[in-house]
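Engineer: Model the following, please.
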Amino acid sequence: MNVQAVTDPRQESNNVVFCLKEKAANSPDTPAMIMPSETITFGELWARVDRFGTGIERAGICPGDRLICMIPMSADLYIVILGILKIGAVAVFVDPWIGMKSIARFASYAEPVGFFGIPKSHFLRLLNIKLAMLPVTLTTGTALWSLPAKYSLKAMLKYSGDGRIAPVQPADTALITFTSGSSGTPKGVNRTHGFLLAQHQALKTEFPCHHDDVDMSMFPVFVLNNLGLGIPTVVPAMDFKRAASVSGERVCRQMQRCNVTTCTASPPFIQNLAEYLDESKEPLKLRRILTGGAPVSDTRLRFWRSTFRHTEICVVYGSTEAEPVAHIDADKRLTLTKRDSTIQGYCAGKPCRQIRARLVPINRNFVDSPVEFPRMSFPPGTVGELIVSGDHVCRDYFRNPEAVAVNKLTDQNGAVWHRMGDTGYFDSDGYFWITGRVHSTIFRDSLPVHAQLIEQAVSRDGIDQVAAVGIPHPDLGEEVIVVIRSESLVDKATVRAALTAAGLTADRIIQTRVPLPVDPRHNAKIDYSKLRELILRGKIHE
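Structural biologist: Just a heads-up that it's a prediction; the model follows:
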């Protein structure tokens with residue numbers, strides 16, 4: 001669907017659910033979602049979405065109403081979310097990793113009229129007075145005498161669908177999702193119907209599918225994209241709260257059973273699968289792997305390449321607010337690194353065709369400066385913070401002007417640019433190399449030190465985790481502390497030699513057996529704020 005071709009400001013085809021309706025009409029018997037306990041076709045999925053939309057309209061839900069959805073990856077999740085969007089209402093999607101305190105805090109200004117979730121989520125909901133008083137509540141389980149919710153999904157699906165899709169404008173909010181919160185409090189990303197359609201087009205263009213593809217995906221946005229493309233999705237048999245502990249054997253068996261051809265998952269997921277295949281020597285035919293959500297080391301990429309010998313491996317770079325931003329084939333990245341052994345950072349690839357990208361100076365207190373920032377030019381190799389603009393780049397956060405002021409920039413032409421929060425540089429060929437995060441940049445003696453470069457220089461076999469963090473220092477401003485998690489003894493002299501060879505330094509090196517804190521979504525990115533707190537409290541020490 002060409003988003004730019006929309007002429008009528010309010011029409012059915014602007015609604016992202018229209019894509020599913022078209023696929024259901026053209027391929028009603030094609031499996032849409034394949035789960036351990038159920039397979040649902042595109043025709044069946046559309047019929048349930050249609051009936052559910054009628055049911056919630058009967059319950060009093062109107063266009064523009066906001067409804068919290070706390071349902072794990074499943075057919076139920078997409079029946080509920082797409083049913084909400086179908087009638088022009090707004091789904092406030094809550095990932096399994098979000099805590100109830102965060103949900104309650106967000107709900108206080110999202111002003112939802114309803115809460116749709118699994119039975120367990122309702123028992124938690126009832127502990128918060130604002131959420132307990134919501135007029136429309138729905139459980140995916142059984143509702144008895146309005147407990148744990150007023151309605152059940154099963155009862156809603158007894159209505160007859162009318163086939164109608166609410167006409168919307170591209171700028172109308174469709175979905176509100178949370179950022180990972182790795183650099184602060186999670187923010188509600190305002191995903192409009194136009195944004196979702198533009199994202200669908202970008203994913204379709206950058207990662208073309210084959211007509212016979214079957215994709216195993218652990219990312220909700222990629223499942224939504226598959227539904228718009230007519231591609232079957234296999235939901236991995238895993239605990240989505242603990243992505244790092246996924247069983248490689250279990251998902252391998254599932255892939256073989258369902259004839260999976262592509263996989264879209266986080267680096268820990270791919271690593272666990274690769275380790276199982278490397279040990280078991282079992283055959284697994286995958287055409288393509290897409291992975292992202294955290295940096296992937298060259299060491300890990302080489303291991304994956306040796307394991308998935310005939311599989312295209314693509315590392316995708318993006319964020320909740322802008323996905324995809326860039327991507328690079330594993331072989332290409334390894335070639336670039338091998339060509340120049342002095343190069344620093346991880347290559348994210350060239351920006352996607354639908355993205356405009358540039359750099360601004362690194363400043364942890366950066367605020368909107370629409371007059372100055374477009375004039376800045378960064379020569380190749382100069383590190384700055386990446387900002388991006390495009391149709392699939394979120395323009396704002398829901399009712400959060402403070403977050404908008406900090407994270408969004410507006411140029412003299414009115415275009416909105418998003419601060420990715422990542423530091424890096426462009427090389428002479430236009431490839432973007434990531435050097436770290438703005439919030440993890442250490443200012444030692446007033447000079448920026450990029451944590452990721454230190455971690456990259458130190459990482460090697462035998463080291464489970466490594467992180468560089470800045471701790472307040474009376475003379476230096478911040479001192480550089482390298483924390484290494486390893487079961488075996490690490491030679492600190494070797495670590496310092498590796499840093500010196502890379503032109504880097506560390507004031508202190510700490511070895512620990514305590515797992516370093518990571519983000520709750522992908523279980524892959526270091527949570528620098530928590531790590532800093534643990535060091536200051538003496539929980540991690542030499």
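Engineer: State the mean pLDDT of the longest helix seen in the chain.
Structural biologist: Ranked by residue count and defined by DSSP state H, the top helix of the chain is helix 42-58. On average, the pLDDT along helix 42-58 is 98.
Engineer: immediately after the longest strand along the chain, which helix or strand?
Structural biologist: With secondary structure taken from DSSP state E, the chain has its longest strand at strand 416-426. Next along the chain after strand 416-426, taking DSSP states H and E as the criterion, comes strand 432-437.
Engineer: what's the helix or strand that that next one is followed by in contact with?
Structural biologist: Counting by DSSP H and E, the next helix or strand C-terminal to strand 432-437 is strand 442-444. With CB atoms under 8 Å, 6 or more residues apart in numbering as the test, strand 442-444 has contacts from 448-451, 468-470, 476-480, 507. (C-beta placed from N, C-alpha, C; glycine too.)
Engineer: Now the residues you listed in a markdown table, please, with extra columns for secondary structure and neighbour count.
Structural biologist: A markdown table is the format used below for those (DSSP: H, G, I helix; E, B strand; the rest coil; neighbours: other CB atoms under 10 Å):
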| residue | secondary structure | neighbour count |
| --- | --- | --- |
| 448 | strand | 15 |
| 449 | strand | 21 |
| 450 | coil | 23 |
| 451 | helix | 24 |
| 468 | strand | 28 |
| 469 | strand | 24 |
| 470 | strand | 21 |
| 476 | coil | 17 |
| 477 | strand | 14 |
| 478 | strand | 18 |
| 479 | strand | 19 |
| 480 | strand | 22 |
| 507 | coil | 15 |
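Engineer: wait, isn't residue 119 in contact with residue 138?
Structural biologist: No - counting by CB atoms under 8 Å, no contact exists between residue 119 and residue 138, whose distance comes to 10.9 Å.
Engineer: Which one of these two is surrounded by more residues?
Structural biologist: residue 138 (25 against 15; other CB atoms under 10 Å).
Engineer: Hmm, the more buried one is touching residue 157, no?
Structural biologist: No - contact criterion CB under 8 Å: residue 138 and residue 157 do not qualify, at 11.1 Å.
Engineer: Please state the offset of stretch 74-87 from the chain centre?
Structural biologist: Centroid separation for stretch 74-87 versus its chain: 20 Å, with CA atoms, centre = their mean, to the nearest Å.
Engineer: avg pLDDT for it?
Structural biologist: Averaging pLDDT along stretch 74-87 gives 97.
Engineer: try stretch 221-230
Structural biologist: 95.
Engineer: Give me the residues contacting it.
Structural biologist: Contacts of stretch 221-230 (CB under 8 Å, 6+ apart): 16, 19-20, 23, 26-27, 30, 32-33, 42, 45, 73, 78, 82, 196, 199-200, 203-204, 209, 215, 217, 232-233, 235, 264, 290, 323.
Engineer: Need the phi and psi values for the residue lying farthest from the centre of the chain.
Structural biologist: Computed with CA atoms, centre = their mean, the residue of the chain farthest from its C-alpha average is residue 475, at 38.6 Å. When quoted as degrees, to the nearest 10, the phi and psi of residue 475 stand at phi -100, psi -40.
Engineer: Roughly how far does it sit from residue 445?
Structural biologist: Using CB to CB, to the nearest Å, one obtains 8 Å as the distance from residue 475 to residue 445.
Engineer: Same check on residue 320?
Structural biologist: Taking CB to CB as the measure, residue 320 falls 34 Å from residue 445.
Engineer: ok, now residue 318?
Structural biologist: Distance, residue 318 to residue 445, by CB to CB: 34 Å.
Engineer: More neighbours: those two, which one.
Structural biologist: Neighbour tally, residue 318 and residue 445, criterion other CB under 10 Å: the higher count belongs to residue 318, 23 against 11.
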